[in-house]
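**Q** Kindly generate the corresponding structure for this input.
(one chain, ligands or ions: 1)
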Amino acid sequence: MYLLIDEKGRHYLIRGDDDFHTNYGVISSKELSKKKSGSVIETQTGHGYFVIEPSMLDFIKKSKRGPQAITLKDCGLIASYSGIGPGSRVLEAGTGSGILAMFLANIVSPGRLTTYEIREDFAQIAKGNFKKAGIKNIRLRMKDIYEGIDEKKLDVITLDLPEPWKVVEHARNSLKPGGYLVSYSPSIEQSKRFYNELDGFMSETVECIVRNWDMKVVRPHSRMIAHTAFITFARWLGKEGPQIE
Ligand SMILES: C[S@@+](CC[C@H](N)C(=O)[O-])C[C@H]1O[C@@H](n2cnc3c(N)ncnc32)[C@H](O)[C@@H]1O
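**A** Reported below is the predicted structural model:
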C-alpha cells in the first residue's frame, strides 16, 4: 500500500496494483513500485506526488464506515485512561466499522484483541478494513456480548453499545482485579444507567473536547467537533474488593 499526497495536501491510499488515474494524469504502478517512502513520483504530465508508507492512522482515516464510528480523540483517551499497552488482553464490543478495534490492536500488538459483533453486514465492513490495513491480530467473533463473555483474565473491556449496563455482570467474571470496563455512550442517560450498576468498581466519567487552532490567524477554528460521547472508566476491584462510594 502507498499513501500519495498531492500539491494541495490531498491524500490517496492505494494498493499500487494498477496505474492510478489522478486529476493531473496517470501514475504508473511499475514506477511506483520502485519508489521509496519519502520520494516523489510524477504523472506523465509532470505533476509530483509525495509517496509515503502508510501508518495505521492513515488506514483508520481511510476506512470504510458502516455505523457511527468512534473519533480518534476518543480512541486516544480510551487507550490512555485504561493503560492499554503491548500485550494487554483487550475485548471490545460492538465492532461496528472496526475503527476502535484497529486503533487498539495496533497498541496491544504483538498481543491479540478480540471483538464481538452481532450484525453480519457490519462485520463484513470491519473485516474489509482489517484486511486492507494488513491487521492480523484481531479476532472478530459473531457474538452478542449481552449473553456473556467467554474470555477471562482480561485487562480491559471496551463497549460502544446501546445498553452497556447489560455487560457489567459479565465483566465482573472476565476482568482481572484492577482491569477496566470502559463504556462509550453518546447520552448522559445511558452513562448514568451504566454507572448505577457499577458496584465493586471505582469509576470516573469524562468527555473529551478538542479545539483546533488556525495558526495563520492565531485563532481557534470556528467549527469544532465538540460533544461526541461520555466515556466511563470503571476499574474492577475484584470480588473481595472494598465497596467505594
Ligand atoms: C456504534 S457501533 C460501534 C462502532 C465502533 N466503535 C467503531 O469504532 O467502528 C455499535 C456496534 O455495536 C453492535 N452491537 C449492538 N449490540 C451488540 C451486542 N449486544 N453485542 C455485540 N455487538 C453489538 C452494533 O451492531 C454496531 O455495529
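
**Q** chain center to the biggest strand by length in the chain: distance?
**A** Secondary structure assigned by DSSP state E gives strand 175-185 as the longest strand of the chain. Averaging C-alpha positions (CA atoms, centre = their mean, to the nearest Å) puts strand 175-185 17 Å from its chain's average.

**Q** what's the longest helix along the chain packed up against?
**A** Looking across the chain with DSSP state H, the single longest helix is helix 120-133. Applying 3 or more CB pairs under 8 Å, 6 or more residues apart in numbering; DSSP states H and E, one finds that helix 120-133 contacts helix 56-61, helix 99-108, strand 113-117, strand 138-142. Every residue, glycine included, has its C-beta placed from N, CA and C.

**Q** So which bits of that helix are buried?
**A** Neighbour-count burial for helix 120-133 flags 122-123, 125-126, 129-130, 132-133 (criterion: 16 or more other CB atoms under 10 Å).

**Q** go on, stretch 85-96?
**A** 88-96.

**Q** And stretch 151-167, by the same measure?
**A** Across stretch 151-167, burial judged by 16+ other CB under 10 Å covers 154-161, 164-167.

**Q** Kindly reformat the residues you listed as CSV containing secondary structure, distance to F50 and pLDDT.
**A** Formatted as CSV, the buried residues of stretch 151-167 follow (DSSP: H, G, I helix; E, B strand; the rest coil; distance: CB to CB, whole Å; pLDDT from 0 to 100):
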residue, secondary structure, distance to F50, pLDDT
L154, strand, 41, 98
D155, strand, 39, 98
V156, strand, 37, 98
I157, strand, 40, 98
T158, strand, 35, 98
L159, strand, 39, 98
D160, coil, 34, 98
L161, coil, 40, 96
P164, helix, 43, 98
W165, helix, 48, 98
K166, helix, 48, 98
V167, helix, 44, 98
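
**Q** Distance-wise, check the residue of the chain most remote from its centre relative to the ligand.
**A** Centroid-distance maximum for the chain: T45 at 38.5 Å, with CA atoms, centre = their mean. In this view, T45 and the ligand are 39 Å apart by CB to the nearest ligand atom, to the nearest Å.

**Q** same thing with G83?
**A** Per CB to the nearest ligand atom, G83 is found 19 Å from the ligand.

**Q** Okay, and the beta partners of the nearest residue to E31 once chain neighbours are set aside?
**A** Nearest residue to E31, sequence neighbours excluded (CB to CB, 6 or more residues apart in numbering): I41, at 6.1 Å. On the basis of DSSP bridges, I41 is bridged to Y49.

**Q** what's the distance between the longest helix of the chain and the middle of its chain?
**A** Mean-position distance between helix 120-133 and its chain equals 13 Å (CA atoms, centre = their mean).

**Q** Mind listing residues that contact it?
**A** 1, 56, 59-60, 63-67, 94-99, 101-102, 115, 117, 138, 140, 142 (CB atoms under 8 Å, 6 or more residues apart in numbering).

**Q** redo that, cut-off 6 Å
**A** 59, 63-64, 66-67, 95-98, 117, 138, 140 (CB atoms under 6 Å, 6 or more residues apart in numbering).

**Q** what does stretch 224-234 give?
**A** Residues outside stretch 224-234 that contact it (CB under 6 Å, 6+ apart) are 71, 74, 81, 180-186, 188, 191, 194, 198, 201, 203-207, 209, 211.

**Q** which bits of the chain sit near the ligand?
**A** Contacts of the chain with the ligand, taken as CB under 6 Å from any ligand atom, map to 67-70, 93-100, 116-119, 122, 144-146, 160-161.

**Q** All good on my end, thank you.
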